[in-house]
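Participant: Next come a sequence and a model predicted from it.
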Amino acid sequence: MISTKGRYALRVMIDLAGQNTQSYTPLKDIAERQQISKKYLEIIVKELVTAKLLEGVSGKNGGYKLSKPAEDYSVGEILEATEGDLSVVACLSCGAEVCPRAEECETLPMWSEYNKMVHDFFYSKKLTDLVKNGQR
C-alpha cells in the first residue's frame, strides 16, 4: 500500500511540474495549493532532495524546483524515494536474503509476476502524464 507520504510526494512533484518554471517555489506556496501541512511537506521534500529529485535553496527567493525536466521523472522513482522498495512481498525486496523455500515455493512465480507488473506500471507512468491529467 502506498502511504500518505508517497501520495503527497507525487502531489508536490506534480505541483512543481505544473508551475513550469525554473525558479524556486516556496514550500508554503505548495502547501497552500495542495492543502497539506507545511511541516509534513518539509519531511517529504527533504527526502526528495536527498534522492536528487528536487533542488532546494534556503533564504529569500528560496524554495524548491525539479532537478530535471518533468518528462524525465517516472512515478516509480518518486514513490521509491519516499516509500522505499515497492516489492509486494518481502522475499522479492531488493537485498532480501534468499528464501530457503524459494525452490519449492508454489506462490513465488505469482508474486514475481505481480511484482513485475507493479514495477512496470509505476515506471511506465511519467510525471508529465499526471500533470496532463490534472489539467483537463
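Facilitator: On my side now, so go ahead.

Participant: and Ser112, what element?
Facilitator: Assessed by DSSP states H and E, Ser112 sits inside helix 108-124.

Participant: Any idea how far the helix or strand just after that helix is from the middle of the chain?
Facilitator: Downstream of helix 108-124, the first helix or strand assigned by DSSP H and E is helix 127-134. The chain centroid and the centroid of helix 127-134 are separated by 14 Å, computed with C-alpha atoms, centre = their mean, to the nearest Å.

Participant: Below-threshold pLDDT in the chain: ranges please.
Facilitator: Residues of the chain meeting the criterion pLDDT under 70: 133-136.

Participant: center of the chain - which residue?
Facilitator: Per C-alpha atoms, centre = their mean, the C-alpha nearest to the average position across the chain is that of Ile78, at 2.0 Å.

Participant: Tell me if that residue really is in a helix.
Facilitator: Yes - counting by DSSP: H, G, I helix; E, B strand; the rest coil, Ile78 is found in a helix.

Participant: Helices along this protein, start to end?
Facilitator: 4-19, 27-34, 38-50, 75-83, 108-124, 127-134 (DSSP state H).

Participant: Run the chain-centre distance for the third one.
Facilitator: When you say that, I think you mean helix 38-50. Distance of helix 38-50 from its chain centroid, counting by C-alpha atoms, centre = their mean, is 12 Å.

Participant: and that helix, which residues are buried?
Facilitator: Across helix 38-50, burial judged by 16 or more other C-beta atoms under 10 Å covers 41, 44-45, 48. Heads up, the C-betas are built off the backbone N, CA and C, glycines and all.

Participant: Just list what that helix packs against, helices and strands only.
Facilitator: In terms of contacts (3 or more C-beta pairs under 8 Å, 6 or more residues apart in numbering; DSSP states H and E), helix 38-50 is packed against helix 4-19, helix 27-34, strand 54-57, strand 63-66, helix 75-83.

Participant: neighbouring contacts of it?
Facilitator: Here helix 38-50 makes contact (C-beta atoms under 8 Å, 6 or more residues apart in numbering) with 5, 8-9, 12-13, 27-28, 30-31, 34, 54-56, 64, 78, 81-82.
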